[in-house]
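In: any chance you can model this:
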Amino acid sequence: MADTRVRIPKDKADLVRALKEGSDSNGPFQTYADVIAYAAALGAQQGKRSPLDEISSNPDPIPKEHFISRKYEALIHLLSVASTQDPKSLAGNEDIEVQQIRVFEEYANAGLDILNSKLNGVVDYSESLLLLASK
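Out: Numbering: from 1, shown residues only. I've put the predicted structure just below:
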């Protein structure tokens, strides 16, 4: 298995860092993988994908293993099948794995666009995300 990583768009890096809890943020998510998985699900729910342009180096691209350990591999697979309408997109070869990650990244990028517009000027991300999720 290749060292597959999920890239974060450079123009959304500040938002991703702000959504993760840490010493300089009180974001609602424990890990960057959680942020990206939520954004991908939101992008898919809205039926939106957006290709990545520049890639962030802070935070760095996230190893796929982080998503697997947090049980997000099924989400990656489901989004791939839904976007291609082809169950062969679940085959276990390296080219397909790269394609799955690109689809996941595009849904996440679109989801981050949505979050960016919904959370612009918001102080308490947790409350706003709960309201967004309830709609």
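
In: count the neighbours of the nearest residue to P63 once chain neighbours are set aside for me.
Out: Excluding its sequence neighbours, the residue lying closest to P63 (Cβ to Cβ, 6 or more residues apart in numbering) is R5, at 5.5 Å. C-beta: built from backbone N, CA, C; applies to glycine. Around R5 there are 16 other residues, counting by other Cβ atoms under 10 Å.

In: could I get the phi/psi values of R5?
Out: Main-chain torsions, R5, degrees, to the nearest 10: phi -130, psi 150.

In: show me what contacts it?
Out: D60, P61, I62, P63, K64, I101 (Cβ atoms under 8 Å, 6 or more residues apart in numbering).

In: of those, which is the nearest to A37?
Out: I62 (10.0 Å; Cβ to Cβ).

In: residues in contact with that closest one?
Out: Taking Cβ under 8 Å, 6+ apart as the criterion, I62 is in contact with R5, V6, I8, Y32, A33, I36.

In: how about those in CSV, adding pLDDT?
Out: Formatted as CSV, these follow (pLDDT from 0 to 100):
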residue, pLDDT
R5, 96
V6, 98
I8, 97
Y32, 97
A33, 98
I36, 98
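
In: which ones among those residues are found in strands?
Out: R5, V6 (DSSP state E).

In: could I get the contacts of I62 as TSV with distance to L42?
Out: Compiled in TSV, the contacts of I62 are given as follows (distance: Cβ to Cβ, whole Å):
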residue	distance to L42
R5	21
V6	15
I8	15
Y32	16
A33	15
I36	11
